[in-house]
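**Q** Sequence and predicted model, in that order:
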Amino acid sequence: MSDLNVLKPKDLKSDQEVRWCPGCGDYAILNSVQKTLAGMGIPKENMVMVSGIGCSSRFPYYMDTYGFHSIHGRANAIATGVKSANPDLSVWIITGDGDGLSIGGNHMIHSLRRNVDLKIILFNNRIYGLTKGQYSPTTPIGTRTKTSPVGSVDRPFNPIQLALGAGASFVARTIDTKPKHMASVLEAAAAHKGSAFVEVLQNCVIFNDGAWDQWTSKANRDENTVELVDGQPMIYGKDKDKGISFDSCHANTVSADEASVWTLEHNSPVPAFVASQLDHMPGLPIPIGVMRANDEPVYDEDVHAQIAQEIEKNGKGTLKDIIYAGDTWVVK
Amino acid sequence: MSDLNVLKPKDLKSDQEVRWCPGCGDYAILNSVQKTLAGMGIPKENMVMVSGIGCSSRFPYYMDTYGFHSIHGRANAIATGVKSANPDLSVWIITGDGDGLSIGGNHMIHSLRRNVDLKIILFNNRIYGLTKGQYSPTTPIGTRTKTSPVGSVDRPFNPIQLALGAGASFVARTIDTKPKHMASVLEAAAAHKGSAFVEVLQNCVIFNDGAWDQWTSKANRDENTVELVDGQPMIYGKDKDKGISFDSCHANTVSADEASVWTLEHNSPVPAFVASQLDHMPGLPIPIGVMRANDEPVYDEDVHAQIAQEIEKNGKGTLKDIIYAGDTWVVK
Amino acid sequence: MTKEVIRQEDVVIRFAGDSGDGMQITGGQFSDSTAKVGNDLATFPDYPSEIRAPAGTRAGVSGFQIHFSASDIYTPGDAPDVLVAMNPAALIVNYKDLKQGGTIIANTGSFTERDLAKAKLDSNPLEDGTLDGYRVVPVDINQRVLEILKDSELSKKAILRCKNFYTLGMMYWLYSRPLESTITWLDSKFASKPEIADANKKALQAGFNLAETLELFQGRFRVDACRDLEPGTYRNIIGNEAIAVGLATGAELAGLKPLLGSYPITPATDILQYLSAMKNFDVVTLQMEDEIAGICSAIGGSYAGRLGITTTSGPGMALKTEALGLAVITELPLVIVNVQRAGPSTGLPTKVEQSDLLQSIFGRNGEAPIPVIACATPGDAFECTVEACRIAVEFMTPVILLSDNYIANGTEPWKLPIIEDLPKINTYIAKEGEEYLPYKRDERLVRKWAAPGVKGLEHRIGGLEKDERGGVSHDPENHELMSHLREDKIMGIRETIPTPQPTGDENSKLLIISWGSPYGAIRSATEQMNLEGSNITHLHLRHLWPMPHGLQEIFEKYDRIVIPEMNLGQLRKVLTMCYPSIKFESYTKIQGKPFTAYQLKARFAEILEEM
Amino acid sequence: MTKEVIRQEDVVIRFAGDSGDGMQITGGQFSDSTAKVGNDLATFPDYPSEIRAPAGTRAGVSGFQIHFSASDIYTPGDAPDVLVAMNPAALIVNYKDLKQGGTIIANTGSFTERDLAKAKLDSNPLEDGTLDGYRVVPVDINQRVLEILKDSELSKKAILRCKNFYTLGMMYWLYSRPLESTITWLDSKFASKPEIADANKKALQAGFNLAETLELFQGRFRVDACRDLEPGTYRNIIGNEAIAVGLATGAELAGLKPLLGSYPITPATDILQYLSAMKNFDVVTLQMEDEIAGICSAIGGSYAGRLGITTTSGPGMALKTEALGLAVITELPLVIVNVQRAGPSTGLPTKVEQSDLLQSIFGRNGEAPIPVIACATPGDAFECTVEACRIAVEFMTPVILLSDNYIANGTEPWKLPIIEDLPKINTYIAKEGEEYLPYKRDERLVRKWAAPGVKGLEHRIGGLEKDERGGVSHDPENHELMSHLREDKIMGIRETIPTPQPTGDENSKLLIISWGSPYGAIRSATEQMNLEGSNITHLHLRHLWPMPHGLQEIFEKYDRIVIPEMNLGQLRKVLTMCYPSIKFESYTKIQGKPFTAYQLKARFAEILEEM
Ligand SMILES: Cc1ncc(C[n+]2csc(CCOP(=O)(O)OP(=O)(O)O)c2C)c(N)n1
Ligand SMILES: Cc1ncc(C[n+]2csc(CCOP(=O)(O)OP(=O)(O)O)c2C)c(N)n1
Ligand code: SF4
Ligand code: SF4
Ligand SMILES: [Mg+2]
Ligand SMILES: [Mg+2]
C-alpha cells in the first residue's frame, strides 16, 4: 500500500491462496471488488469485509483488509454491530443465496429496513455450493438437486423484490461475467449512503453450471438482459432495437424508440418493483443495473446523532453521574 | 357443536377466560375469526390455530379447536410442519408485528415464498404489547417507547410490501374496528388456496393507544382509508367524491369519476405494490381490502403430489424395500 | 391524642391491590422514605402475568413487599407483619402469607357484592371468619378519598386514583416515616399536572392524619436507622438497574465504550431500557430483530473495538448458543447477561428460577468454555457485572452473568462505590506499527485485540479453526493445541479470583452453599440460627466457572454440605463433577418462588437434628 | 507366469489421488467386490474441505481407506499396507501413515515437474530417498491408459478419466477379487453412455492383465471370506444411510409416517438426501430455511401425528436449543440426529469429534431433560436410530441421537434384520370418543397423543407451564410437580434399557469405556491385547442419558477405568457426576481424527504397566 493512500487492487490481495473451484464465478467478483474498493479513496484500514458461511463467504480471507468470516446467515447482524460501533468504517457484506436469503433472510430484511450503511453483495448461484448442491431459496421450481431428486416444489424468491419489499434504499443487479458493469454497480453501491443491496448473478460451475445461461451467456445476453441506466431509455437487443416501456403498473416490450426512460429520481420503490417483475414475464429480458437509489435516514448515523444530541443536551455523562444518580442518602 | 356440522361462533369459544386488556383490539379479531370459521363448513376438528408469543399469540387458548401456542416467532415454521403432515387441516397462524415480523420475519417470508396453505393473521399494533411497550418493526420512526426514549431511529416495514416482496400469493389488510370488512377479508383468505397474509390494524390501548387513529378513527376513516373492492373503482371520502388512479408506476388522488377500477385479475404483484405505496404518499389514504389473490403452486399440495406420484411410479415402499436395498449378499 | 411509639427491630409490609391501584408506586415511595430514614431494606414486587388482567380478579392482583430493619437484612422477608389489601382479590390471594396475628388493613370501600364476585368469593372474608386470628383494620379508603377531594376538579375516577397515596399516608404514620420525599416526588412527577399532584398530596396527608386521629391502630411503630449499614452514600437500587450501571461502569473502567445488542424479553428488558436512556454516556443500544441478531451485533461491536454486551433471559439465551461458540473461537470480549426465569421453554416467564446454570457452563457444541458468574442481590449485581466486564476484557472471552427474576426486580440500599477507588480494567490492544498476529498469546494465553481503523493491523478472524496468524488451519495438532489453549485460558482465570470465605465458626459441621439469589434467604436463615445457638456455615459462590481455588479444602471440613437451589440440583451436579470426593446434598424448590428463610431454617434444623 | 498366492488375515489399502481422480468411486467399487467375496470390512473416505481445491495441490487430495479381513474387524484400519498414490500430492500427504515396509503404487505419469511444483515439492520423492523403507511400485498409469484406449473416440481428457479403473484392475488382481460386480456397475451407471462404460471396462481389464503379466508385485494375495460373519443377508452400509433407513424403519415399526424438517449441513446433509429419495415410502422431507425452522416444522409434524425428525450437526444443533425446550414441555415425540463434527463454532466441519455430549445432556434453559443415545458404527447406527424412535414414541419425548463424521461416511457390512423379527413400537394415541386430558399420564408418566383431525379431542398445547388439562397454570406447586414429572418420566426410561455387558474376563482390573465411534478402535485394541495375553475389559455405552441401571456395580470391579474420547473428557465429566465414588480417567484426542487401535494399545499398555 502506498503512502499516498492511493491503493492498487493488488494492495487488497491477501496472501491466502484463493480456493474456489477453477472456473467459479466468484473469482471475477473478487477482482471487481478489489478494483472498485482500491479506487474509492477509502483508507485500507477502514475497510471491513464481513461474511457468513458458504463458498462465497470465504471472500474476506482473500482481501488484505479487516475481515470477519462469521457464522451462517449472521453477517448482516454482525456487520450492523460493526458499523454502529464505528460509523467511519466502510463495511461490506459478502453473502450467498443460502447464507443471505435462507438462514440469513431475517437479518437481511431488517438491515435493509433499518438502512444501515452496509454494502451487501449477494452471490446468487441458485444453489448451496459449499454443502455440495442442494436447492436454495432462489432455485427455480422443478429443479432436481441432491435434496430434490424429483424436482423442487419451493417457489423461489426474486431477491430484488424481496429487498424492495423490505424497504431497501439501494438495489442493483449485475453479472459475474460482466466486469465493467459490475464495477459500475459496485461503485454506485459504495457511493450510496445507507444499505446497498447488490445481487450478482454468479455461476457455480460444479453444482449448477449454466444456471443463468438463458439470460447471461454470450449468445443470449443481448436479447435477454436489459441494462437500466439512469436517464437513458431502456433499450436492449443485439441491434439495440428493442425497448421497455412502463404503462399503468406493467412493463411491456416495445420498439426501441418507444422505450421509457429509466430514472432513479423518485422516492417510490414502485418503478424498481415494476422493473424487477420483467423477467417473470415471458419474452421479457432480465434487468440489470441500479434499480433503486434513494436517500433515506441512515441508521448508524442516526444512532450516533442521538448520542451526540444527548451529550450536547445533558453533557457527557461520567461514572459519577450514573452511579450517584437518583435519590441518594448518606449514612455516617 | 351440532351434529350437522353447522358450527356456531360460540361452538368455537373455549372455556378459557379471555385475558386481554379491556378495550384491546384483539377481542374484535377473535369474534371475527370465530364467526368466519364457523361459517366455512370446515369440521371443527380440522381447525388448527398456531401462534407464537405475544398478547395476540394467546389467541389459540380462546378457540375450542386444536391449538398450539408455541415459541416466539416460530409459528410459521411449526404450521408448515402441521400442514405438510396433514394437508386436510385448515391451519391458521396468529401472530403480531413483533412475533411475525421481527423475530419471526424469516419464517414469515419463507412460508409466503413457498406458498404453504396457511392463513396468517398478523395483529399489527406497532408495538410489543406483552413485553410492555417497546418499539416494533412497524413502529414509525421517531416514536418514543421504553427502548427509544428519545425516539426510534429504525425505519419501519410496510408489512404488505414485505409480503409482496416475498412473493405472497394472497395479501390483504383490514382494521380491528371494522368487523364486517374484517369478516369479508378473512373469508377471502380462507377461500384462497395457498398462503394468505392478512394484516389487521389493531389498537393496543395500553402501550400504543391511537396508533392508527389518523387513518382509522371514526373521524378520519372515511377520508383516510380507501377500500379496494375487486372490479370496483377505487373511491373514498365521506362523500365518496375522491378516487385513486394509477398511472405509470404511480398512484394519484383524483375525483371519484376518474378513479381506476381495482382488479385482482392479474398474476403480477405490481398493482398491489402500487396500491401498498399509497399511504407513503402525503395526502393519500391507506388501502384496505384484498390487495392480491393469485393462484400459484401450493407447497403442501405439491409435496404430497410428489409422494403420490412416486408411489404411483415405484409402488408403495415397504420396509423390505428399504432395508434389503442396493447390493446385498448372503453369508451362510 | 398521642399514641405510644413501639420500637421494632424489623418489619415486613405487603401492599396488595388491583393492577390499576398503583401498588408498585406506593411500595416504591415507602421504600424511598424508608431508605432515607436509614433502615436497611429489601423489596420485591409481584406483578400479574397478564398486562391488564380484568379488574378486581385474582389474576389481576399486584403486590409489593418491603422488609426494613434496624439491622442488616438480606431478603424482602418471609411472612408480612402487615398486609394492605385494596380489594377482596388482593386479600384472598395474600392473607395466608401473613404472620400469625398479623395486621390486615382492608379497603372496605372495595368489598361490595360486585367486588366479591369478581374475586370469586361467595361471602365477605372480612366478615365470614376467614380472617380469624388476624388483626383486621377496616377503612373505607374509597369513601375517605372522595370526601377529602370532593372540591377537586378531578373526575371521580381520577380522585379514586389517589387511594394509594391515602394508604401510603396511613402507613407513614404507622411506621413513623416522613412525608417529605413523597411530596417532592409528586411535585416533580406531576409538574405539568399540578392538580393531580395536589390531590395526591392531600390524600397522603389525610391518610396520615386519619391514622393519627382515629383509634385505628393499637400503637405506632418505629424501626431505628440500621446500625449495621457502613458509612457512605447510599441509593436504593433495583437489580436490573444495578446491572445496567455495572455495564456502563465496567466499560468505563476499561476505557471502552459499550455497545449493547439486545431483544426485549421479560425479565431482562429493563436492562436494555436503562442503557437506552444512557445515550449521553456514549452507550450504543441496538434493539435488534431477535436474540441471535442481538448477540451477533454485540460480537460485531466487540470486533470493532467497543465492549459488546447482550442481555436476555432463558429462551433468548438458548437462541444465542451458536453465536456464543463464535465468540469463544474468535476470542472477543463479550458480556452476556441472562436474567433467568422459570423454564423449560416459555415456562413461567414472570417467575423466578435458577435453572440455566448447566446450560451456561456446558450448553454449546464443541469444546467452548465460557466463564460464568452469578449475582446474589441487587447490590451485588453491580459488582458482579463489573467483574464480568473485567474477565471479558482482560481474558478476551465471552462471559455469562447470571441474574434472575428475583434480583432483577428486587431493591436494596446500595452503598455507592468511591469512583476513584474502583480498580481499572486492563485492555490488551495492539498498536499501530507493531507486528500483529491475531492469535499470538501472552503468558496468560490471552491474545491481543485489534479493531478495524488501525493502519497496518488488517487481519481476518472467523469461526473456522485457526492458527496463530488467524489463518484457517486444518492441521490436526493445531486443533488439539488450540482446543487446549482455549480451555486453559479460561481455567487460568482462577488465578485472578479470590477463594470465597465461609462465614460461621470453626466447629461447624454443616455447610450450606448458595449461589445466585437464594443467598439472602440462606444468609438470613444461617445467621438467625447461629444467633439462636446453632452452628452452621454459609459459603456463597459468585464464580461458578471456573471454580475458584481452595474449595476442596473448605468442603473437606464439613460432615454435611447442602445446596439449596431453585432448580433440580444443578450446582450440586457441577460440584460433584468437580469435587467427586465430597458428598453434596440438594435442597430444591422449583415453584417460581424464592426460598424463605423460614423454610430454610426448618430444613436446616432437620438436618442438624439428623447429624 | 503364475504367481504364488499368499493368504493374509487382513489388509488395509488406501487409495489417494486428486479430487478429480475418482478415488471415492474406486474405493467404493473395491469395497463392493470385497463384500461380495465375504470379507468383513470397514471403510472411511477422507475428502478435502474445499469443493474443488486446485488440481494437484495437497489441499486437493482425496482419499479412501478400506480394511478387509477374514475375521471380525471394527475399524477402517490404522496404517495401510498399500497406498495407491495417483499424484505427488497424494503421495506426500499420505505416505507417512503407511505401515513400515508397506507398498506404494505410484502413478509415475503424474510426477512431472509441474505436478511436483503443484504439490510444493522440490524434488521427486520417488527418487530422492523419501520413500526408503517402503516398497515402491511405479506404473505410468496415464501412459498405459492412453495406449490401451488409443482407438477410442473419447477425448484425451476423457480417456485419462479411466485411470482409476485401470488402478482398480491392478488391485483386483493383487487381492484376487472378481471384476464382475464392477463391470455390472459400469454398465448400469453409464447405460446411456456405452462408450464410457466400455473404455472403463477396458481399462479395468488392462490393469488386471498388467498386474498378472508383469513382475510388478512379489506375489498375489488372498484374504479369505470372514469366518466370523454370522449367517444372513448383508449389505455394505454407510453411516448416514443407516440412519436414514433406521428412521424410516422406526416410524414404520410404530405405525407412523415420518416427517423430516431439516437444513443442509455437513456431515448430516446426506440423511436429508437419503430420506428425500424415499418419497414412495410416504416420507415427507421439508428442506426448511434454517435449523430452527427445521426442528419447528418437525415439531409441527409430530403435533399433527407424524413422527417428527430433524437432522443436523454442531452449529445447527446449537440453533435448535430453544425449540428443544418446546418439545420437552409439550411432550411430543421427536428424533433429533446430531452428526457431530469438530468445534467449537464452525470449527473443522469435515473432521470428526464427539464434543457435543455435554450440550446434548445439559444444554437447555430450564429443567429440560432429553434422552441421549449414541451410535458406534454404521451398522449400529441403524439399531440406535430405531431405538431413538422407540423412546421418542413410547415416552412422548424428544430424543437426541448422536453420530459423528466418522460413522456418517464410513461403511461396514451390515447384517440385515429379518423384518418380521423387528419388535413393534407402541404408540399411545387417544381415540375419538374418549375423554382426553392432554397431560394426564399413565403409570410410566407418559401422556397420550392426539393429532388434529380427530373429532372431540380438540385441545391446546404450548410452551407455558400447564396443568393436566393443558391449560396454562401459574400455580407454584403445579410447576414443581410438572418439573419432577418430566424429569422422572425421562429417568424412567431406564426401566426399558438393558445394562450393557462388558467384554473380557473376570480377573481384569482395567476397564475401558467407549461411547460413539471410538468403539471400533477400542474394541480392536482391547481384543488384540487380550489375544496377546493382556487382560482388559471393554464396556460400550449406547444410552448416555439416562444411564442404564447396573453401571455402579460394574465400575466397582475395576482398579482403573479409562475413557478414550475425541473431546476434552465429556463422558468422564458425566460419569463422575453420576458415579462420584468411582474414579474415571480420560484419554483424549481432539485432532479431528479418530483414534487408531495402535495408539490405544500403546496407551493401554502404559496403563497396565503402571498398575
Ligand atoms: C448453522 C449452519 N447451518 C448450516 C451450515 C451449512 N452450510 C454451510 S454453507 C451453506 C449454504 C451455502 O450456500 P450459499 O450461501 O448459497 O453459498 P455458496 O456456497 O453457494 O456460495 C450451508 C447450508 C452451517 N455452516 N451452519
Ligand atoms: C425467544 C423469545 N424472545 C423474546 C420473548 C419476549 N417476547 C414475548 S412477546 C414479545 C413481543 C410481542 O410483540 P407482538 O408480536 O407485536 O405481540 P403483541 O404483544 O403486540 O400482540 C417479546 C419480545 C420471548 N418470549 N421469547
Ligand atoms: S462449488 Fe460452485 S460456488 Fe463453490 S467454489 Fe465451486 S464453483 Fe464456486
Ligand atoms: S397490552 Fe395492548 S395488545 Fe396486549 S392485551 Fe393489552 S391492549 Fe391488547
Ligand atoms: Mg449459493
Ligand atoms: Mg404488537
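**A** Received it, and whenever you're ready, just let me know what you need. Numbering: from 1, shown residues only, chains lettered A, B, ... in the order given. Ligands and ions are numbered 1, 2, ... in the order given.
**Q** What is the distance between the helix or strand bottoming out on mean pLDDT in chain A and the centre of its chain?
**A** Here the helix or strand of chain A ranked lowest by mean pLDDT, DSSP states H and E is strand A:250-255, holding a mean of 82. Relative to its chain's centre, strand A:250-255 lies at 27 Å (Cα atoms, centre = their mean, to the nearest Å).
**Q** packing partners for it?
**A** Secondary-structure packing of strand A:250-255 (3 or more Cβ pairs under 8 Å, 6 or more residues apart in numbering or on different chains; DSSP states H and E): strand A:242-247, helix A:270-276. Backbone N, C-alpha and C define where each C-beta goes, glycine included.
**Q** tell me the most buried of these?
**A** Of all those, helix A:270-276 carries the top mean neighbour count, a mean of 26, counting by mean count of other Cβ atoms under 10 Å in any protein chain shown.
**Q** From the rest of the structure, what touches that one?
**A** Helix A:270-276 is touched from outside by A:158, A:160-161, A:164, A:171, A:228, A:244, A:246, A:249-251, A:262-263, A:287, A:291-292, B:249-250, B:269-270, B:273-274, B:277, with contacts defined as Cβ atoms under 8 Å, 6 or more residues apart in numbering or on different chains.
**Q** Please save the CA atoms from it in CSV.
**A** Once non-C-alpha atoms are left out, helix A:270-276 reads as follows in CSV (Å, rounded to 0.1, in the frame of the first residue of the first chain):
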residue,chain,number,x,y,z
VAL,A,270,-42.6,1.2,-7.4
PRO,A,271,-40.6,1.7,-10.6
ALA,A,272,-37.9,-0.6,-9.4
PHE,A,273,-40.6,-3.1,-8.5
VAL,A,274,-42.1,-2.8,-11.9
ALA,A,275,-38.7,-3.3,-13.5
SER,A,276,-37.9,-6.3,-11.2
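**Q** for the record, mean pLDDT for it?
**A** In this model, helix A:270-276 has a mean pLDDT of 94.
**Q** again, but for stretch C:487-494
**A** On average, stretch C:487-494 scores 98.
**Q** Can you confirm whether it lies near chain D?
**A** Yes: against chain D, stretch C:487-494 shows contacts by Cβ under 8 Å from any Cβ of the partner chain at C:Glu487.
**Q** hmm, who's touching that stretch?
**A** With Cβ under 8 Å, 6+ apart as the test, stretch C:487-494 has contacts from C:367, C:369-371, C:391, C:395, C:397, C:441, C:444-446, C:545-549, D:568.
**Q** restrict those residues to contacts with ligand 3.
**A** When Cβ under 6 Å from any ligand atom is taken as the criterion, no member of the contacts of stretch C:487-494 contacts ligand 3.
**Q** Which members of those residues are classed as buried?
**A** C:367, C:369-371, C:391, C:395, C:397, C:441, C:445-446, C:545-548, D:568 (16 or more other Cβ atoms under 10 Å in any protein chain shown).
**Q** Between the two ends of stretch C:181-198, how far is it?
**A** Its start and end residues considered, stretch C:181-198 measures 15 Å (Cα to Cα, to the nearest Å).
**Q** can you count the residues close to residue 262?
**A** If you meant another chain, say so; for now it's chain A. A:Trp262: 24 surrounding residues under other Cβ atoms under 10 Å in any protein chain shown.
**Q** try chain C instead
**A** Using other Cβ under 10 Å: C:Ser262 sits among 29 other residues.
**Q** nearest residue to A:His110 other than its sequence neighbours?
**A** Here the nearest residue to A:His110 in space, its sequence neighbours aside, is C:Glu289; by Cβ to Cβ, 6 or more residues apart in numbering or on different chains that works out to 4.2 Å.
**Q** quick one: contacts for that neighbour?
**A** So C:Glu289 contacts A:Ala77, A:Asn106, A:His107, A:His110, B:Ser102, B:Ile103, B:Gly105, B:Pro137, C:Tyr263 (Cβ under 8 Å, 6+ apart).
**Q** Over to A:Glu187?
**A** Under the criterion of Cβ under 8 Å, 6+ apart, the contact list for A:Glu187 reads A:Thr36, A:Gly39, A:Met40.
**Q** quick one: pLDDT of whichever residue of the stretch 151-300 of chain C sits closest to ligand 3?
**A** For the stretch 151-300 of chain C, the residue closest to ligand 3 is C:Cys296, as judged by Cβ to the nearest ligand atom, at 24.1 Å. Listed pLDDT for C:Cys296 reads 98.
**Q** got it, and A:Asp3?
**A** As predicted, A:Asp3 sits at a pLDDT of 49.
**Q** do the one 3 residues further on as well
**A** Taken from the predicted model, the pLDDT recorded for A:Val6 is 85.
**Q** Give the burial count for it, as a bare number.
**A** Here the number of neighbours of A:Val6 (other Cβ under 10 Å) works out to 11.
**Q** And what about it, helix, strand or coil?
**A** Here A:Val6 takes the coil state, with states given by DSSP: H, G, I helix; E, B strand; the rest coil.
**Q** mind listing what it touches?
**A** Neighbours of A:Val6 in contact, by Cβ under 8 Å, 6+ apart: none.
**Q** I'd like to know how far it sits from ligand 1.
**A** Distance, A:Val6 to ligand 1, using Cβ to the nearest ligand atom, to the nearest Å: 32 Å.
**Q** Out of the buried ones among the contacts of stretch C:487-494, list just those in helices.
**A** With helices defined by DSSP state H, the entries of these inside them are C:Ile391.
**Q** Could you let me know which of the buried ones among the contacts of stretch C:487-494 ends up closest to D:Lys189?
**A** Closest to D:Lys189 out of these is C:Glu367 (42.3 Å), distances taken as Cβ to Cβ.
**Q** That closest one reaches D:Gln340, doesn't it?
**A** No: judged on Cβ atoms under 8 Å, C:Glu367 makes no contact with D:Gln340 at a distance of 11.7 Å.
**Q** Return every residue with contacts to both of the two.
**A** Common neighbours of C:Glu367 and D:Gln340 (Cβ under 8 Å, 6+ apart) are D:Ser355.
**Q** Identify the element of secondary structure that C:Val337 sits within.
**A** Using DSSP states H and E, C:Val337 sits in strand C:334-340.
**Q** Show me what the strand or helix carrying C:Pro45 is in contact with.
**A** Using DSSP H and E, C:Pro45 sits within strand C:40-46. Contact with strand C:40-46 is made by C:24, C:27, C:31, C:34-35, C:62-77, C:226, C:228-229, C:236, C:377, C:406, C:409-413, C:520, C:594, as judged by Cβ under 8 Å, 6+ apart.
**Q** cool, stretch A:17-30 as well?
**A** Taking Cβ under 8 Å, 6+ apart as the rule, stretch A:17-30 contacts A:55-56, A:58-59, A:62-63, A:121, A:123, A:125, A:176-177, A:179, A:182, A:200, A:202-206, D:50-55, D:59.
**Q** and the closest residue to C:Asn567 other than its chain neighbours, what does it touch?
**A** Nearest residue to C:Asn567, sequence neighbours excluded (Cβ to Cβ, 6+ apart): C:Ser355, at 3.9 Å. Neighbour list for C:Ser355: C:Gln340, C:Ala342, C:Gly343, C:Pro344, C:Met566, C:Asn567, C:Leu568, C:Gln570, C:Ile590, D:Asn365, D:Gly366, D:Glu367 [criterion: Cβ under 8 Å, 6+ apart].
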